[in-house]
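Peer 1: using only what follows, build the 3D model:
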Amino acid sequence: MELISPAAEEYCLRYSTALSDVLQKNLNDTIANHPHSKMHSGHLQGMFLSFISQMLRPMKVLEIGTFTGFSSLCLATGLLPEGEIHTIELRQDDAKISQKYFDMANDKRIVLHVGNALDIIPQLKQTWDLIFIDADKLGYIEYYELTLPQLRKGGFILADNVLFHGEVLQDSIKGKNAKAIDRFNKHVASDKRVEQMILTLRDGLMLIKKL
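Peer 2: The predicted structure follows:
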């Protein structure tokens with residue numbers, strides 16, 4: 001299902017600030033060469049992540065699901081000078097691509113971890129200001145429950161793909177990933193520890209604020 005018309009997308013891109021050279025190269029190279037290029041955040045969502053980071057000015061950011069490093073670089077734009085973003089990628093090949101772009105951007109505040117996020121997160125022992133969840137959809141609830149206690153009061157979690165290509169809008173949800181996302185959305189909506197809203201940006205982005 002096409003959630004946003006191509007004409008609206010093109011119009012928004014036309015009047016949005018251009019990406020930096022490193023971000024544009026990452027976007028172009030991923031779309032041209034990666035077999036799963038549809039997973040890329042893209043220009044508009046990247047700018048949104050950057051703006052959120054610049055508004056919050058976080059000290060500690062956690063990203064679950066690095067892919068080719070685009071969203072990490074966007075989230076890093078608002079970090080305090082002494083801040084850090086810890087980003088976790090399961091796939092070795094994608095981690096290598098990401099590290100190439102981190103080196104290209106020369107941003108030493110991005111710390112890349114390679115492996116299973118469920119194993120790595122408990123070892124970090126940080127208090128997070130901002131968390132971005134964009135990994136395997138079946139694990140969303142587990143990632144949420146694992147990280148929410150480590151999120152500071154008033155901090156934010158951003159969860160990507162919460163409309164899952166429009167599949168969650170169907171009367172009968174069939175795919176396992178869409179079912180998992182629907183369960184996640186309902187799980188968060190029933191959680192009295194947070195406030196949340198869903199933006200119809202790209203594939204759906206949920207903003208969650210810890211009370």
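Peer 1: how about the strands in this structure?
Peer 2: Applying DSSP state E to the chain gives strands spanning 60-64, 84-89, 110-114, 128-133, 151-160, 194-199, 205-210.
Peer 1: let me know which of those strands is tucked in deepest.
Peer 2: Most buried of the strands of the chain by mean neighbour count (mean count of other C-beta atoms under 10 Å) is strand 60-64; its value is a mean of 27. Using the backbone N, CA and C atoms, a C-beta is placed for each residue, glycine as well.
Peer 1: isn't E195 up against M206?
Peer 2: No: when contacts are counted by C-beta atoms under 8 Å, E195 is not listed as touching M206 (11.0 Å).
Peer 1: and the closest residue to Q196 other than its chain neighbours, how far is that from T17?
Peer 2: Once flanking residues are discounted, Q196 sits nearest to I208: 4.5 Å by C-beta to C-beta, 6 or more residues apart in numbering. Distance of I208 to T17, given as C-beta to C-beta, to the nearest Å: 26 Å.
Peer 1: repeat for L23
Peer 2: Taking C-beta to C-beta, one finds L23 at 11 Å from T17.
Peer 1: repeat that for A178.
Peer 2: Taken as C-beta to C-beta, the span from A178 to T17 is 33 Å.
Peer 1: how about T66?
Peer 2: Distance, T66 to T17, using C-beta to C-beta: 23 Å.
Peer 1: which one's more surrounded, the two?
Peer 2: T66 (27 against 9; other C-beta atoms under 10 Å).
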